[in-house]
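K.L.:
Sequence first, then the predicted structure:
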2 protein chains.
Amino acid sequence: MRSDSPRHPSGGSAINIRLSSFPPHPLEQLSLEEIHKARTIIRSVRSASCSIIYRNIALEEPAKAVMIPFLALEHAGKLTPKTEHPPRLARVLYDVVALDKSLDFCDSVVNLTTGKELEFEVVDKKFHSPLNADEIEIFPKVAIASSMFQDALAELNLPPNTHIVIDPWMYGGWENPEESSPRYMQGLVYARDPATNNPDSNHYAFPLPLIPVMDMKSRRIIRVDRLATGGTEDGLKYGTGPKDALAHCKAAEYIPELVEGGLRQDLKPLNVVQPFGPSFTVRDNSLVEWQKWRFRVGFNAREGATLHDIWYDGRSVLYRMSFSEMAVPYGDPRVPFHRKQAFDFGDGGAGRAANNLELGCDCLGLIKYFDGYMNDTSGSGIITKNVICMHEEDDGILWKHTNYRTGRAVVTRNRKLIIQFIITLANYEYIFAYHFDQAGGITIETRATGIVSTVPIDPGKTSPWGNVVNPGVLAQNHQHLFNVRIDPAIDGYNNAVIQEESHPVAFDPEINPYGNAFEVRQTLLKTSCGINAAPEKGRQFKIVNTGVKNPISGRPVGYKLVPSPTQLVLAHPDSIMAKRVAYANHHIWVTKYRDGEFWASGRFTNQSSAECGGVKDAADRQENIENEDIVACGNTPDPH
Amino acid sequence: MRSDSPRHPSGGSAINIRLSSFPPHPLEQLSLEEIHKARTIIRSVRSASCSIIYRNIALEEPAKAVMIPFLALEHAGKLTPKTEHPPRLARVLYDVVALDKSLDFCDSVVNLTTGKELEFEVVDKKFHSPLNADEIEIFPKVAIASSMFQDALAELNLPPNTHIVIDPWMYGGWENPEESSPRYMQGLVYARDPATNNPDSNHYAFPLPLIPVMDMKSRRIIRVDRLATGGTEDGLKYGTGPKDALAHCKAAEYIPELVEGGLRQDLKPLNVVQPFGPSFTVRDNSLVEWQKWRFRVGFNAREGATLHDIWYDGRSVLYRMSFSEMAVPYGDPRVPFHRKQAFDFGDGGAGRAANNLELGCDCLGLIKYFDGYMNDTSGSGIITKNVICMHEEDDGILWKHTNYRTGRAVVTRNRKLIIQFIITLANYEYIFAYHFDQAGGITIETRATGIVSTVPIDPGKTSPWGNVVNPGVLAQNHQHLFNVRIDPAIDGYNNAVIQEESHPVAFDPEINPYGNAFEVRQTLLKTSCGINAAPEKGRQFKIVNTGVKNPISGRPVGYKLVPSPTQLVLAHPDSIMAKRVAYANHHIWVTKYRDGEFWASGRFTNQSSAECGGVKDAADRQENIENEDIVACGNTPDPH
C-alpha cells in the first residue's frame, strides 16, 4: 500500500527492498490499518452516547528500555520472523463530546495487538489540543458569514466584490494564567488584489486592519479587533487609517504569470545526473543505508521527519533526532499583535503542515520520497504523499591536499545525504533538513522562506515595530526560535557532555615565556541544565562516551555539538511569551532522558501561559547527567 | 597569449570575447610584456654594478580618484578606443645587492608607458620582504648539506637511508622589536615512511624533534633547535624523547594506492551537466557578467583573486573585494614553537601559493579558469596556469511558497556563481571563494583542508598544547585569523556603517502592556574604529548610502555586513604575536579609504614585531567615516 519507487523525471532504479515476512519495525509509522484499529479501540472503550473528534493517532514509540534489547538483536543480525517485537502501541489525542455538548480533551494509549487501552487521561482544562485542519478550514467561513465581521469590513471602503482572504492563527498565549481559557482562534485578514482577482495572487500585499476572534466551541465570531495602523509619525499612537483601506496598496506577485516584467530567462540549465542510480538503499520503508550510515526515518504530525537509531560504520551515534519546536514571537506590542505568538510544532504540528514534495521540493538528482500516515477528525487514516524527500548532493571539496614537492593533488568531493521536509504555515515556508556527510558528521538545517507575515500601515509612515515592505504593508519584527532534540547514543546509551573553552595564559618565564600559549579548559557537566553559547571564549560542547577512549588521542570518543550563538528570546522575562518559550533562554539544554519527553515547550502549547513539561522543566529536575542516558536540545540559527 | 577557452571534460562553448581594439583595462593584471618592461625600467635606473633579485612585479592599481571618472565612462558605455586610459603602472619589490654583498630591499613604482620610475624607496631594515620560491627551495638543500643538522639527525637513531623531508617556514615574529633582525627561516623536519619510501607518502606522520634555523644572507644553518617532546605526564617539562625517534610512528596515508583498505567503492557517480553552456560571459580576460552581476577578476601574488568594480542590476555595490590576511598563531609555548606564527598573505603570498586548479579544483559543471601573471627572481614573467576557477552551482531552494488554499507551489532554485582559488602552504590547503547569488547577495568562503601541522610527542603521552592525531604525532592548538577587505561603493563611493541591535523593552501600560516588544537600536558610526560581533544583542552591521533611500521602506539602501562571532586572538595582549595580528582584536574594522592600503597586518609582515600600516593603524587615525569613502575589513569563521 505504500509507494516505494523513487520518482524522478529521468527515472531511477528500484531502491526499496521489503522484507514482508517480518512484522513492521517497532519504530515504523502506524499503517492505515493500525490507525483504524486505534480508532476502533477508542470507540469501543468510550461511552456510546458521546461523539469523538480524533485529533491525532500516531505510533507510541516503545519505551527505550524495551527498544534497547530489540535493537541489540537487530544490529547483531539476530532478528528472525519469530523474534518477539515490542507491542505496537498508538497514542490517540481526541475530544469526547458529551450529549450536553460538554467537551473533554483526552489522551489515550492503546495496544493494537491486544485491543486494550493502556492509558487514559482527561487532560486538564488549562491545556488545549493543537489546531486541526477542520478548524483552519472553518475559521474563514465563520468569519465571512459573521455580521460582526461584515460590519467591520464595511468601514474599510473596499472596492465592490473584493475577495477577502483570511489566515487563521492560533490565539497566542493566554494572558490570565490563573483562569482556564476558552478555546479561541484569531485571523489575519487580507484582500485579494481586485485588479487580477487571481486565487494565487499575493494577498499579503493587501492587509486589512481587522482581526476577528472566534470561540471554537460555539463556532462564533465573538469580537473583531481593529488594528493600529499608525507609525513613528503618530508618536507610536494607533493612527486612524486611511479612508480607503486598500487605495494605497500595490500588487507584489510571485506566480510567474503575474510577475511584473516576467521571470529571468538568462539562466541556462544545470542538471544533476546519476546514471547508475542513488548510492543509498531503503528497506522496510524506513531503514536507510548510505555510505557508512544506517538509520530509520519516522514521521509524525507534530515533529515531521524524525530519525532513529542512527549508526555510523557499525557504531551507534544517536538514538533519536528530531525538530522539537519552532516558536515565532512578534515584537509589535500594540494590542492585539502581542498575540502573534506561534508555537508551530505544538500549536498545530509541523508534520501536519508538510508539503507534498513531489509538487515542489524541486531537489536535483534522484529523489526518494517517504509518505506520512496521519488521520482526519473522524479517525480515518490518511496517507499524505511525499512528505519527506531524500537525495544526495555534491557539496564541494571534502578534502584536498597537494604535495607541493611532486605537484600531486588528491581531492575528495563532499557527497551528502539530505533528508528534508518543508512545511507551509500560511505565509511562511520552513525547510527542515538533516544532512549526513561521508566523514561521520551530521548537520541540521532550518530555513525560512515564503512571505513575511504582514499587517497594514498608513501610507507614507514608518514603524519602530517592523519594516515597510510594500506600500501600506508592515512586516513586523519577530524571532524564530528553533529547538532541535538530540538523543545521543555514542557507542552506547550512557553519555556525558563536556564544555570546552579556550583561554589566554599569563606570561610565565617557565610555561609561557613569549605569551603565545592558550589553555583548553574542559568541564564535565554534572547536573541537568541550560547553557549558552559563548563564541568569545571559543566555547564548544562535546557529547562523549567517557567509557570509550579514542585509541590514538586517549580522549573519550564523542561528537561536537555546535549550537548557534543567536540572540535569545527578546520578550520581557516576566511576559507570557517568555514563559512559554523558556527553552529560548539558553542555546543548549542537557537533561536526563525520560520516555515521551520530546517537546521543548512541553506537551501542550496551544494557548498556554507557560512551558509545562518542556526542557526547562526537565533541567529543573536537577538530575545527574554524567554517564547517564541524556538528551541534548539545542537551537539552530534564526534564519533572518 | 592568454588562454581563454573554458576547459571541461564534457567540453563547453566559447565564453570569451576579446575586444582587441581596446588597450588593457586599468584593473587587468600586467601582461608578460609589461612585467618585462617593468624589469627593464628598474634595471636601467639602478646602478649597473649591483645585482637585482626581483621579488614581486605586479600591477599598481590606479588611484581611486583616477579610476572613478574612468569607470563612470565605462558604465555609461562611453569608452572608445581613443579614451585616455590611466597610465599602466607596476609596483616592483626587489633586493639590490651591491658588490660588497650589502643588500637593500627596495620598492619602486614605474610607469610602463613612459618608462619612468615614479617612486623609489629603500625599505627600512626593520622590514623583510616576503619569502620567495627560491628561498623555499634552497632551505632544505642547505639544511641537509649542513653538518650541524646532520649531527643532530644522527642523535635520532633513524633507520639507515631514511629520507628527510623539510617544510620551510617563516621565522615568526622577531622577539626584540628594538633591534633590526637578520633574515632567518626555520624548518619543520619529517621523515618519509621508510616502509614505502614513496615521494607522495604522508611525512606528517613521521615528525622529527629538530628545527634548523638558516640565516638567509649567509645561506648557512646557524642553529638546530631540539624540540620538546614531552606531555602532560612530564609535568609540562620537555621530555627526553624516545631513543629511536621514529620507532613508534605509523603511516597515515592519503594517496589512494597507499590508503589502508583502499578507498570506498560504493558511491555512484553524480554528474553536473550544463548542456547549453554556462550562464556567464567573460570579456577582456577579466570582465565577468552573470545574472545581474558584473565585475572584474584580478589576481596578484599576495592576495590571490581580487574582485573589482562589482555592480548588480546596473547599480554599483563594491569598488574592490579581497582576502587581506590569514594569520595562524600556534598556542604551544615551548620554545621554539612560539615562532610558529604564519602570516601567509604577507609573509609569503596567497597568490604565489595558488594551485593549478585544472589539476584538482575538481569543481563540477563547466569551469572557466583564469591564469595568474607573476615573476621569478630574475624578473621574468611567469604565467601560472588556472589559479582561479569560476563555475555555477545549484545550492538548493532560493525561495518557495505554496498557497495552501489552492495547493500551488512556486519554487526558485538557488543558482550561485563561485570564483575560487586554493592555496597550498606545506601541510595545509586553504580554499578561498567569493559566492554571488541571484538575490544580490555575496558570501565569502574561507576553508581549511589538507593536513594539520605536526610535531613529535613521546609515545603514550598527551599534551595540553594539542591533540595526539597519530602515534607520536602532536597537532598543536592554533587559530586561523582571516581578514577580508571590502571596499564598498553602494550606489556611489561615499558610504556609512550603521550598527543595529535588538533590545528588550520594559513593561509599560501604554507602549508595552504585555512585554513582547523589542526595540531595534541603530547607531551610525562616526569615526574609524574596530568593533566586535555581539550575537547576544543581535548586533548587525549595515553598509549604507544615506543619500539613497529605498522607495518602499524609506530607509537608506545598503548591504548587511555579517562578521563571524569567532574567538579573537588568544595570544597575550603584550605578546609579539598579538601585536602583529592587531586586526584580530576585533571582528570588523571601518576605516577611511586610502590608496594602496590593502593589508590587515600592514605592508610587510615577514619577521615583523608588530602591525605596521594595517587596519588598526588606519582606525587609529580617528578619521570621519560618515558618508565618506570607507573600507570595511571583517573576519570569517575559523575553520576549526
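P.N.:
Perfect, thanks for sending it.
K.L.:
Could you verify my assumption that A:Q567 touches A:H478?
P.N.:
No. Contact criterion C-beta atoms under 8 Å: A:Q567 and A:H478 do not qualify, at 12.0 Å. (C-beta placed from N, C-alpha, C; glycine too.)
K.L.:
quick one, which of those two is more surrounded?
P.N.:
A count of neighbours by other C-beta atoms under 10 Å in any protein chain shown puts A:H478 above the other of A:Q567 and A:H478, at 24 against 19.
K.L.:
any idea how far B:D151 is from that one?
P.N.:
70 Å (C-beta to C-beta, to the nearest Å).
K.L.:
same deal with A:I166?
P.N.:
88 Å.
K.L.:
So the two - more neighbours on which side?
P.N.:
Applying other C-beta under 10 Å to A:I166 and B:D151 shows that A:I166 carries more neighbours, namely 23 against 10.
K.L.:
what about the helices in chain A?
P.N.:
Under the criterion DSSP state H, helices of chain A are mapped to A:32-45, A:64-75, A:133-145, A:147-154, A:576-580, A:615-620.
K.L.:
among these, which is nearest A:A58?
P.N.:
With C-beta to C-beta as the measure, helix A:32-45 is the member of these nearest A:A58 (8.4 Å).
K.L.:
Check which helices and strands the closest one sits against.
P.N.:
strand A:51-60, strand A:89-97, strand A:103-111, strand A:117-122, strand A:368-375, strand A:381-403 (3 or more C-beta pairs under 8 Å, 6 or more residues apart in numbering or on different chains; DSSP states H and E).
K.L.:
what does that helix rub up against?
P.N.:
Here helix A:32-45 makes contact (C-beta atoms under 8 Å, 6 or more residues apart in numbering or on different chains) with A:1, A:30, A:52, A:54, A:57, A:88, A:90, A:92, A:94, A:108, A:110, A:112, A:115-117, A:120, A:373, A:375, A:379-381, A:383.
K.L.:
Produce a ChimeraX select command limited to the buried residues of those residues.
P.N.:
Those of the contacts of helix A:32-45 that count as buried under 16 or more other C-beta atoms under 10 Å in any protein chain shown are selected in ChimeraX with:
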select /A:30,52,54,57,88,90,92,94,108,110,112,117,373,375,379,381
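K.L.:
Low-confidence ranges, the stretch 501-640 of chain A, go.
P.N.:
A:640 (pLDDT under 70).
K.L.:
Chain B contacts on that one?
P.N.:
For the stretch 501-640 of chain A, the residues found near chain B under the criterion C-beta under 8 Å from any C-beta of the partner chain are A:502-507, A:511-520, A:532-533, A:535-538, A:552-555, A:565-568, A:570-572, A:574-578.
K.L.:
Can you turn the buried part of the residues you listed into a ChimeraX selection?
P.N.:
A single ChimeraX command is used to select the members of these judged buried by 16+ other C-beta under 10 Å:
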select /A:502,504,505,512,513,514,515,516,517,518,519,520,533,535,536,538,555,565,566,567,568,570,571,572,575,576,577,578
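K.L.:
if you look at the residues of the stretch 501-640 of chain A next to chain B, which of them are in strands?
P.N.:
A:502-504, A:518-520 (DSSP state E).
K.L.:
which of those sit farthest apart?
P.N.:
Spanning the widest gap among those are A:P504 and A:V520, at 11.7 Å by C-beta to C-beta.
K.L.:
mean confidence for stretch A:473-487?
P.N.:
Stretch A:473-487 shows a mean pLDDT of 97.
K.L.:
How much space separates the residue nearest to A:A38 when sequence neighbours are not counted from A:D376?
P.N.:
Distances taken as C-beta to C-beta, 6 or more residues apart in numbering or on different chains place A:A90 nearest to A:A38, at 3.8 Å, with adjacent residues excluded. Noted for A:A90: a distance of 15 Å to A:D376, by C-beta to C-beta.
K.L.:
again with A:E628
P.N.:
With distances taken as C-beta to C-beta, A:E628 is found 41 Å from A:D376.
K.L.:
Comparing the two, which residue is more hemmed in?
P.N.:
Taking A:E628 and A:D376 together and counting by other C-beta under 10 Å, A:E628 has the greater number of neighbours (17 against 14).
K.L.:
wait, the more buried one sits on A:N494?
P.N.:
Yes. Applying C-beta under 8 Å as the test, A:E628 and A:N494 come out as touching, 5.9 Å apart.
K.L.:
Let me see the contact set for the residue lying closest to A:H163 once chain neighbours are set aside.
P.N.:
Leaving aside its chain neighbours, A:H163 sits nearest to A:R192 (4.0 Å; criterion: C-beta to C-beta, 6+ apart). Shown in contact with A:R192 (C-beta under 8 Å, 6+ apart): A:162-165, A:198-199, A:201, A:203, A:206.
K.L.:
So which of the residues you listed are in strands?
P.N.:
Per DSSP E, the contacts of A:R192 map to strands at A:164-165.
K.L.:
Most neighbours out of the contacts of A:R192, which is it?
P.N.:
Most neighbours among those, by other C-beta under 10 Å: A:F206, with 29 neighbours.
K.L.:
gap between A:A632 and B:P177?
P.N.:
Counting by C-beta to C-beta, the gap from A:A632 to B:P177 is 47 Å.
K.L.:
Over to A:A475?
P.N.:
Distance from A:A475 to B:P177, counting by C-beta to C-beta: 54 Å.
K.L.:
again with A:L568
P.N.:
According to C-beta to C-beta, A:L568 stands 44 Å off from B:P177.
K.L.:
that older thread, please render the helices and strands packed on helix A:32-45 as JSON lines that adds mean pLDDT to the earlier fields.
P.N.:
Shown next, in JSON lines, are the helices and strands packed on helix A:32-45 (pLDDT from 0 to 100):
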{"stretch": "strand A:51-60", "mean pLDDT": "97"}
{"stretch": "strand A:89-97", "mean pLDDT": "97"}
{"stretch": "strand A:103-111", "mean pLDDT": "97"}
{"stretch": "strand A:117-122", "mean pLDDT": "98"}
{"stretch": "strand A:368-375", "mean pLDDT": "96"}
{"stretch": "strand A:381-403", "mean pLDDT": "95"}
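K.L.:
re the thing from before, and A:A632 and B:P177? which has more neighbours close in?
P.N.:
The neighbour count for A:A632 versus B:P177, taken as other C-beta under 10 Å, is higher for A:A632 (24 against 14).
K.L.:
who are the neighbours in contact with A:K250?
P.N.:
Here A:K250 is in contact with A:205, A:470-471 (criterion: C-beta under 8 Å, 6+ apart).
K.L.:
which one of these is nearest B:L417?
P.N.:
A:N470 (29.0 Å).
K.L.:
Can you tell me which of the ones in strands among the residues of the stretch 501-640 of chain A next to chain B is nearest chain B?
P.N.:
Of all those, A:F518 has the smallest distance to chain B: 4.0 Å, by C-beta to the nearest C-beta.
K.L.:
my guess is the closest one meets B:A571, correct?
P.N.:
Yes. The criterion here is C-beta under 8 Å, and A:F518 meets it with B:A571 at 7.3 Å.
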